[in-house]
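K.L.:
Give me the fold of what follows.
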Amino acid sequence: MPPPKRGGKFRRPRRKVCAFCVDHIEIIDYKNVGRLRRYLSDRGKILPRQSSGNCARHQRMMAAAVKRARHIALLPYVAQ
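P.N.:
A predicted model of the protein is given here:
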């Protein structure tokens with residue numbers, strides 16, 4: 001029986017970088033619908049941190065901005 005391979009199968013993917021930190025954005029504007037739409041799934045749900053790559057601070061701000069935009073009908077609550 002051959003010896004087990006080292007590090008070939010279980011390579012950890014590189015961690016995503018927060019796009020808001022890279023662009024030095026302090027406040028996430030709820031009126032910037034184009035940017036917020038990137039963080040919604042095809043069903044209209046807010047993407048979690050693991051898949052969006054946001055840091056905790058910007059994820060909370062982004063979720064609040066999406067909820068505000070939904071409230072005044074800039075973004076949909078559910079997909080068509």
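K.L.:
Helix or strand with the lowest mean pLDDT in this protein?
P.N.:
For the chain, using mean pLDDT, DSSP states H and E, the weakest element among its helices and strands is helix 49-52, scoring a mean of 92.
K.L.:
export that helix as PDB, just CAs?
P.N.:
The C-alpha trace of helix 49-52 is given here as PDB (Å, rounded to 0.1, in the frame of the first residue of the first chain):
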ATOM      1  CA  ARG A  49     -20.400  36.400   4.600                       C
ATOM      2  CA  GLN A  50     -18.800  33.200   3.500                       C
ATOM      3  CA  SER A  51     -20.000  33.500  -0.100                       C
ATOM      4  CA  SER A  52     -20.000  37.300  -0.400                       C
END
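K.L.:
Show me what that helix is packed up against.
P.N.:
If contacts are counted by 3 or more CB pairs under 8 Å, 6 or more residues apart in numbering; DSSP states H and E, helix 49-52 sits against helix 56-71. The C-beta positions use only the backbone N, C-alpha and C, and glycine is treated the same way.
K.L.:
what's the helix it packs on packed up against?
P.N.:
Judged by 3+ CB pairs under 8 Å, 6+ apart, the packing partners of helix 56-71 are helix 19-22, helix 33-37, helix 49-52.
K.L.:
rewinding a little: in the least confident helix or strand of the chain, which of the residues would be classed as buried?
P.N.:
Arg49, Ser52 (16 or more other CB atoms under 10 Å).
K.L.:
Then stretch 67-75?
P.N.:
If you call a residue buried by 16+ other CB under 10 Å, then stretch 67-75 has these buried ones: Arg68, Ala69, Arg70, Leu74, Leu75.
K.L.:
re earlier: out of the helices and strands packed on helix 56-71, nearest to Ala79?
P.N.:
Each of the helices and strands packed on helix 56-71 has some distance to Ala79 by CB to CB; the shortest is helix 33-37, at 11.7 Å.
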